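Engineer: give me a model of this one.
(one chain, ligands or ions: 1)
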Amino acid sequence: MGLARNSKIAKTTPLTPGSGIGSTIYPTRAVRLTFSAALRRPQLSDMAAIPNLLTGLRGGSRGRGRGRGQANIPGFSDASSINPATRFPRSEQAIRATDTDAAVSRLSAVCAGYLEDPFAEHFVEAASATRRLPIINRGTYTRTSAIDRLVDLFLAGSGERQIVSLGAGTDTRAFRLRARGERVLYHEFDFPDICAVKKSRVDAGAIVKLIDKQDGLTDYHIHSLDLRTIAGKEATDFEGLRINIPTLVISECCLCYLKVEITEEVIQWFIKRMPSLSIILYEPIRVDDPFGQQMVENLASRGVVMPTVQKYRTLKDQEERLAKLAFVGVSSESTDKIWDRWIDEDEKERVNALEGLDEVEEWNLLASHYAVIWGWTDESIFQK
Ligand SMILES: C[S@@+](CC[C@H](N)C(=O)[O-])C[C@H]1O[C@@H](n2cnc3c(N)ncnc32)[C@H](O)[C@@H]1O
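Structural biologist: Predicted coordinates:
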């Protein structure tokens, strides 16, 4: 793996000046600060609203519950009751709600100055916007920056490249890459109801306007799919999906919600079809210690089960998981170490100055329970 330790993680998209709080244009820094100040103050209970890093530690999450219910889905691991209002089982609602939480956390990190992402505000309804605690903002920053860094390594190779984001939700990476001129073919998969909302936001035009490129948002596809049903599909079922170019699959807190055997099926689906495949996973780990146990219990009380965290408890387990699935190279890092080793000192200083962080021990504890794991079937992919 050619990822240099201590290398500076570049900030993502250049600032695009604009005006207006919550407008379709990215706010200037002055406006951004006003916007930030207008967000609800963070509460300790917000800890619970983070779906991915640090989520589920202390309580519940807001549900969205859109769309139609689906019965008898293979891999569905929840036995709790169906909510008649939404027709989704409770855990299904909670899993869908994690996307809202991710979007709110992203916007919070942007407004506080951690990340530059002019697209984030377009996926959060004003009423949901919440200012997260500094520890949460740092988590969002570290995780986003780490995956961005690996994506950059993947894109640094010559020739056409394809990215597949599993459970992409309202993630903005595709837009950020396009805005900086990347020509990568980008596919996103998520539940039909989540995709419908995303499509409507993209179709509204503001995203394409922000990208500010003559050819706008090309080579971008949103695929409505419950990933638990992918085994019955062919590549040709997904418009624009290529099997003959190097492909990077990203699961940023998505596969962790599926049964272990189904996650294997999903990854195998890509391995079988794509000779040059890389993967990035972002998932919780280390449920064996008291903190990890508490995390699992709190998630369970919300009806959320993360089967992979029970099976792959350590970085070693996670690496072996990929190695068994035909990845010839695998690597991993916990989020606390990513902060320590991947972010250069100047950037750390900048980030530390944004809000200050008193709870350093708590940060280390929380961040050590999440990890980025990456692998490749083609030697050349993550090498530089
Ligand atoms: C925590 S969110 C992460 C969203 C995005 N990857 C990010 O990091 O901002 C998890 C996403 O996975 C999606 N997801 C979970 N299970 C899924 C399944 N079986 N099929 C498709 N999408 C799924 C959810 O709908 C949600 O959008």
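Engineer: what residues sit buried inside stretch 355-371?
Structural biologist: For stretch 355-371, the neighbour count (16 or more other CB atoms under 10 Å) marks 355, 363, 365, 366, 367, 368, 369, 370, 371 as buried. C-betas here are computed from N, CA, C, even on glycine.
Engineer: what about the residue lying closest to residue 283 once chain neighbours are set aside, neighbour count?
Structural biologist: Spatial nearest neighbour of residue 283, chain neighbours left out: residue 256 (4.5 Å); criterion: CB to CB, 6 or more residues apart in numbering. Residues near residue 256, counting by other CB atoms under 10 Å, number 25.
Engineer: any idea how far residue 183 is from the ligand?
Structural biologist: Distance, residue 183 to the ligand, using CB to the nearest ligand atom, to the nearest Å: 22 Å.
Engineer: quick one: contacts for that residue?
Structural biologist: 160, 219 (CB atoms under 8 Å, 6 or more residues apart in numbering).
Engineer: neighbours of whatever residue of the chain ends up closest to the ligand, how many?
Structural biologist: Using CB to the nearest ligand atom, the closest approach of the chain to the ligand is made by residue 167 at 2.4 Å. By other CB under 10 Å, the residues close to residue 167 number 24.
Engineer: and the closest residue to it other than its chain neighbours, what pLDDT?
Structural biologist: Excluding the flanking residues, the one nearest residue 167 by CB to CB, 6+ apart is residue 254, at 2.6 Å. pLDDT, residue 254: 97.
Engineer: same question for the one 5 residues further on.
Structural biologist: Predicted confidence (pLDDT) at residue 259: the value is 97.
Engineer: isn't it right up against residue 310?
Structural biologist: No. Checked against CB atoms under 8 Å, the pair residue 259 and residue 310 is beyond contact range at 10.6 Å.
Engineer: comparing those two, which residue is more hemmed in?
Structural biologist: residue 259 (18 against 11).
Engineer: element containing residue 142?
Structural biologist: For residue 142, the host element (DSSP states H and E) is helix 134-155.
Engineer: ok so, going back, and the residue nearest to residue 167, how many neighbours?
Structural biologist: 26.
Engineer: next: residue 128.
Structural biologist: 16.
Engineer: hey, where'd the helices end up in the stretch 51-200 of the chain?
Structural biologist: 90-111, 134-155, 173-179, 192-203 (DSSP state H, counting those that start in this stretch).
Engineer: pull out the buried residues from the second one.
Structural biologist: By that I understand helix 134-155. Neighbour-count burial for helix 134-155 flags 134-154 (criterion: 16+ other CB under 10 Å).
Engineer: so that helix versus helix 90-111, what angle?
Structural biologist: 90 degrees (axes from the mean of the first three to the mean of the last three CA atoms, to 10 degrees).
Engineer: what's the span of stretch 116-125 from first residue to last?
Structural biologist: 19 Å (CA to CA, to the nearest Å).
Engineer: make that stretch 126-138, sorry
Structural biologist: End-to-end distance for stretch 126-138: 22 Å, by CA to CA.
Engineer: any idea how far that stretch is from the chain center?
Structural biologist: 16 Å (CA atoms, centre = their mean, to the nearest Å).
Engineer: repeat for stretch 172-189
Structural biologist: That offset, for stretch 172-189, works out to 14 Å (CA atoms, centre = their mean).
Engineer: kindly report the same for stretch 185-200.
Structural biologist: Chain-centre distance of stretch 185-200: 14 Å, with CA atoms, centre = their mean.
Engineer: what comes up buried for it?
Structural biologist: Result for stretch 185-200 [16+ other CB under 10 Å]: buried residues 185, 186, 187, 188, 189, 190, 191, 193, 194, 195, 197, 198.
Engineer: using PDB, list the CA coordinates for that stretch.
Structural biologist: Extracted C-alpha coordinates of stretch 185-200, given in PDB (Å, rounded to 0.1, in the frame of the first residue of the first chain):
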ATOM      1  CA  LEU A 185     -17.700   7.000 -13.500                       C
ATOM      2  CA  TYR A 186     -19.700   7.100 -10.300                       C
ATOM      3  CA  HIS A 187     -22.400   4.800  -9.100                       C
ATOM      4  CA  GLU A 188     -24.400   5.000  -5.900                       C
ATOM      5  CA  PHE A 189     -26.700   2.300  -4.500                       C
ATOM      6  CA  ASP A 190     -29.300   2.700  -1.800                       C
ATOM      7  CA  PHE A 191     -32.900   1.800  -0.900                       C
ATOM      8  CA  PRO A 192     -35.400   3.100  -3.400                       C
ATOM      9  CA  ASP A 193     -36.900   5.700  -1.000                       C
ATOM     10  CA  ILE A 194     -33.500   7.100  -0.100                       C
ATOM     11  CA  CYS A 195     -32.500   7.300  -3.800                       C
ATOM     12  CA  ALA A 196     -35.700   9.000  -4.700                       C
ATOM     13  CA  VAL A 197     -35.000  11.800  -2.300                       C
ATOM     14  CA  LYS A 198     -31.500  12.100  -3.500                       C
ATOM     15  CA  LYS A 199     -32.500  12.200  -7.200                       C
ATOM     16  CA  SER A 200     -35.000  14.900  -6.500                       C
END
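Engineer: right, I'll call it a day here.
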